[in-house]
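# Structure for the following, please:
(one chain, ligands or ions: 2)
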Amino acid sequence: MGQLSLGLDIGHRQIKGVQVEGKRGGVRLRSHAAVDTPSGALVRGRVENAERLVTVLKQLVEEHGWNKGTTTIGLTHPEMVVKRVEFPLMSPKELAAALEFELSDLVSFSFTDPADVAYSYEVMDKASETQDLLFAGCPRGLVMAYVHAARAAGLEVTAVDVKALSLPRTLEEDGEFAFVDLGHVQSNVYVELSGKFRLSRILPVGGMHFTEGVMEAYGINQEEAEKLKHEQSLDDLIANAERNPGTLRTAVQQMVAGVTQTLDYLRAMERVSTVDQLLNGIRVCGGGAAQRGLANLLRDELELPVAILNPFLTFDREKENPGRSALFAGAAGLACRGLERE
Ligand SMILES: Nc1ncnc2c1ncn2[C@@H]1O[C@H](COP(=O)(O)OP(=O)(O)OP(=O)(O)O)[C@@H](O)[C@H]1O
Ligand SMILES: [Mg+2]
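Ligands and ions are numbered 1, 2, ... in the order given. Got it, this is the predicted structure:
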């Protein structure tokens with residue numbers, strides 16, 4: 001048997017796992033699964049009820065044999081910083097010291113002891129006097145809560161990553177694409193150009209806000225709204241509303257505007273006049289990628305091709321329908337990244 005690697009994406013709404021097997025000659029999909037995140041287990045991106053989380057993870061581990069092989073956990077959190085920073089050229093030892101010294105400027109949260117910050121960095125580019133680093137950091141407590149829960153469930157966690165960084169690994173086509181991970185409470189826009197990090201931005205809007213908008217627009221409960229949301233396009237949901245569709249309309253606008261503004265920032269940063277000079281298109285993933293009408297709204301607004309990402313195509317095997325497959329993009333990317341690390 002080849003090396004087994006599990007990518008674990010613990011979201012507010014669903015826990016997604018993809019396990020791959022690395023063999024000479026390629027990567028094979030071994031198993032994938034998604035289950036509902038127990039209510040109250042995660043609150044604003046933090047593990048709030050570890051016991052409930054561990055119970056569900058244990059069931060997954062038992063059912064799929066995920067205790068064999070290693071696990072990479074991916075996180076998306078507003079306090080998880082990922083950015084490009086410039087430093088003068090210096091020895092690796094000096095660089096490590098300089099980073100620790102500058103830590104409070106590099107992260108967006110306060111801390112008293114540098115040991116409370118989990119961070120990593122890699123050199124992206126070197127010039128004659130400077131070097132560009134890709135820096136990632138977040139509160140150690142935030143990360144360790146996930147690690148402890150996964151280990152308590154029997155998983156051998158070997159790494160925690162910024163989830164978006166592994167999304168490009170799930171793309172089987174050539175070209176430059178922006179990734180938009182449409183989640184439940186948040187969404188994440190991620191862009192690399194020529195294989196190098198450009199930006200990652202979290203938008204505080206997701207499928208939960210659409211559901212809330214549908215509840216209000218139709219005077220129905222959450223379960224009914226979730227069902228209706230799956231059946232109809234966003235345009236239709238707004239047009240056919242029996243009550244005030246204001247909340248729904250605002251959520252949709254926030255989502256579309258968030259993506260548009262992020263790409264406009266990219267355009268300005270790269271000093272080009274239109275974003276299609278940089279990107280061939282957008283690939284949407286996460287549970288929200290299956291939301292009817294959303295890809296069209298983004299396409300109209302951005303004037304770029306928008307398609308749903310099917311991460312399973314990279315394993316020469318198309319599983320289920322593309323909309324459902326997109327849910328697993330984060331976990332699939334993490335699984336591949338885990339293999340590369342071995
Ligand atoms: N067919 C569908 N149509 C519309 N929305 C859908 C569909 N399938 C899933 N969703 C929505 O996708 C969201 C869940 O997606 P996902 O599992 O990516 O979120 P999450 O990762 O748990 O959340 P977060 O990233 O915010 O922590 C839910 O809001 C759900 O209603
Ligand atoms: Mg998610």
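# C-alpha only now, for contacts and for neighbours.
Fine.
# How about the closest residue to ligand 2 within the stretch 151-300 of the chain: what's its closest non-neighbour residue?
Nearest residue of the stretch 151-300 of the chain to ligand 2: Gly183, at 4.4 Å (CA to the ion). Beyond its immediate neighbours in the sequence, the residue positioned closest to Gly183 (CA to CA, 6 or more residues apart in numbering) is Gly206, lying 5.2 Å away.
# check contacts around the residue of the stretch 151-300 of the chain closest to ligand 2.
Applying CA atoms under 8 Å, 6 or more residues apart in numbering, one finds that Gly183 lies in contact with Gly11, Gly206, Gly207, Gly286, Gly287, Gly288.
# And it, how far from ligand 1?
In this structure, Gly183 and ligand 1 are separated by 4 Å, where distance is defined by CA to the nearest ligand atom, to the nearest Å.
# Also Arg151?
20 Å.
# what does Arg324 give?
In this structure, Arg324 lies at 7 Å from ligand 1, with CA to the nearest ligand atom as the measure.
# doesn't Gly288 make contact with that residue?
No - Arg324 lies out of contact with Gly288 (CA atoms under 8 Å); the separation is 9.7 Å.
# Among these two, which residue is more densely surrounded?
Looking at Arg324 and Gly288 with other CA atoms under 10 Å, you find the greater number of neighbours at Gly288, namely 25 against 19.
# Provide a list of residues in contact with the more buried one.
The neighbours of Gly288, taking CA under 8 Å, 6+ apart as the test, are Asp181, Leu182, Gly183, His184, Gly206, Gly207, Leu327.
# Repeat the analysis, applying 10 Å as the threshold.
Contacts were defined as CA atoms under 10 Å, 6 or more residues apart in numbering; by that measure Gly288 touches 180-184, 187, 206-208, 210, 230, 294-295, 323-324, 326-327.
# domains in the protein, as residue ranges please.
Segmentation of the chain into domains, based on automatic domain parsing, reads 3-78+140-171+310-341, 81-136, 200-302.
# For these, state which one has the densest average packing.
Mean neighbour counts were compared across those using mean count of other CA atoms under 10 Å; the top stretch is domain 3-78+140-171+310-341, at a mean of 20.
# Would you mind measuring the gap between the ends of that domain?
For domain 3-78+140-171+310-341, the first and last residues are 11 Å from each other (CA to CA, to the nearest Å).
# mean confidence for stretch 115-129?
Across stretch 115-129, pLDDT averages out at 95.
# just how off-centre is it within its chain?
Between the mean C-alpha location of stretch 115-129 and the chain-wide mean there is a distance of 21 Å, by CA atoms, centre = their mean, to the nearest Å.
# could you dump it to PDB, C-alpha only?
Output in PDB follows, covering the C-alpha atoms of stretch 115-129 (Å, rounded to 0.1, in the frame of the first residue of the first chain):
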ATOM      1  CA  ALA A 115       4.900  31.000  22.200                       C
ATOM      2  CA  ASP A 116       1.200  31.700  22.000                       C
ATOM      3  CA  VAL A 117       1.500  32.300  18.200                       C
ATOM      4  CA  ALA A 118       1.700  29.400  15.800                       C
ATOM      5  CA  TYR A 119       3.400  30.600  12.600                       C
ATOM      6  CA  SER A 120       5.400  29.400   9.700                       C
ATOM      7  CA  TYR A 121       7.000  31.000   6.700                       C
ATOM      8  CA  GLU A 122       8.800  30.200   3.400                       C
ATOM      9  CA  VAL A 123      10.900  32.200   1.100                       C
ATOM     10  CA  MET A 124       9.000  32.900  -2.100                       C
ATOM     11  CA  ASP A 125      11.400  35.200  -4.000                       C
ATOM     12  CA  LYS A 126      14.900  36.600  -3.500                       C
ATOM     13  CA  ALA A 127      16.200  39.800  -4.900                       C
ATOM     14  CA  SER A 128      19.700  41.300  -4.500                       C
ATOM     15  CA  GLU A 129      19.000  42.800  -1.100                       C
END
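# Sounds good, over and out.
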